[in-house]
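Q: Generate coordinates for the sequence data below:
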Amino acid sequence: MQKKLSCILILGLLFISMAGCAGVPVREAVQVDMNAPVGKIEGNQFTGNRYPFKVAAPPGWKVSMEYPKFMIDLGYEKDGLEESEVFLYNPETQSNAQIDFVAADRYSTFNQKSIEALTTAATGSFEEELEKDLGKGAKAEIGPTEPVSLKGVPFAAQKYATYTAKGVQRNQGWIYAFAEPYQIFILYIILDIDKEGKKDHEAFKAILDSFEYIPKK
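A: Reported below is the predicted structural model:
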């Protein structure tokens, strides 16, 4: 079961409701040229052009600006995938991560506490989708909400859930972050297939370690 990017939608709606009281603008309206190239890939590293960040794929993983076809079979929606900036994945195990940026509005303010609260709030939506896809009584072990360190990003939090589908244990998580003036979303799933699961967990950590937001000057 995949969340089909609706974690992003839920977080966005929740934040809009929290930031509904318009006051003094805290930033200029963000202009993003959606016609600009997404970025470039050199070797195992992606460097963003439309949004200023970079990330690298660890050994055994690939990085692509196009979603891998197997993600559709895993349950992701094509339209949602096409909105993401970059994909990193293990073609053998199908463990994967996707990264998306959304410009913040003029009035929204962020801090670590609010980022963690919104990250936690997405759990309810995840549990509803899990039951819808796997049937009533489907259970997942929900991990704690924890701060995450991403280079150049002042506020970031992570949450994950572990469950079994089709006999395979899955660790599915979401990271919500903010670096002026963008909201950042990293959605991932690690499939624990034989001994490769541990390697994929280590690989995902390497992906986060390689991520860097580099604000434009």
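Q: From now on I want contacts and neighbour counts done on CA atoms only, so please keep to that.
A: Fine.
Q: Just give the number of residues close to residue 158.
A: 23 (other C-alpha atoms under 10 Å).
Q: can you check residue 70 too?
A: Residues near residue 70, counting by other C-alpha under 10 Å: 11.
Q: Quick check: phi and psi on the residue lying closest to it once chain neighbours are set aside?
A: In space, and not counting its chain neighbours, residue 70 is closest to residue 94: 7.4 Å by C-alpha to C-alpha, 6 or more residues apart in numbering. Main-chain torsions, residue 94, degrees, to the nearest 10: phi 70, psi 10.
Q: Next one: residue 94, what pLDDT does it get?
A: In this model, residue 94 is scored at 93, pLDDT.
Q: what comes up buried for the top helix by length along the chain?
A: Once the chain is assigned using DSSP state H, the helix that runs over the most residues is helix 112-134. Buried residues in helix 112-134, counted by 16 or more other C-alpha atoms under 10 Å: 114, 115, 116, 118, 119, 120, 122, 123, 126, 127, 129, 130.
Q: Could you do stretch 135-152 as well?
A: Residues of stretch 135-152 classed as buried: 138, 140, 142, 145, 147, 148, 149, 150 (neighbour count, 16+ other C-alpha under 10 Å).
Q: Tell me the one of these nearest residue 165?
A: Nearest to residue 165 out of the buried residues of stretch 135-152 is residue 138 (C-alpha to C-alpha; 9.5 Å).
Q: could you point out where this protein is predicted with low confidence?
A: The chain contains residues with pLDDT under 70 at 1-22, 193-197.
Q: tell me the centre residue of it?
A: residue 186 (1.5 Å; C-alpha atoms, centre = their mean).
Q: Was I right to think that residue contacts residue 176?
A: Yes: Residue 186 lies in contact with residue 176 (C-alpha atoms under 8 Å); the separation is 6.7 Å.
Q: And the helices in the chain?
A: Using DSSP H, helices in the chain cover 6-18, 70-73, 78-82, 112-134, 196-210.
Q: Contact partners for residue 211?
A: 53, 54, 55, 56, 150, 151 (C-alpha atoms under 8 Å, 6 or more residues apart in numbering).
Q: So it versus residue 88, what's the distance?
A: Relative to residue 88, residue 211 is positioned 12 Å away (C-alpha to C-alpha, to the nearest Å).
Q: From residue 62, how far out is residue 78?
A: 19 Å.
Q: what do you get for residue 105?
A: According to C-alpha to C-alpha, residue 105 stands 33 Å off from residue 62.
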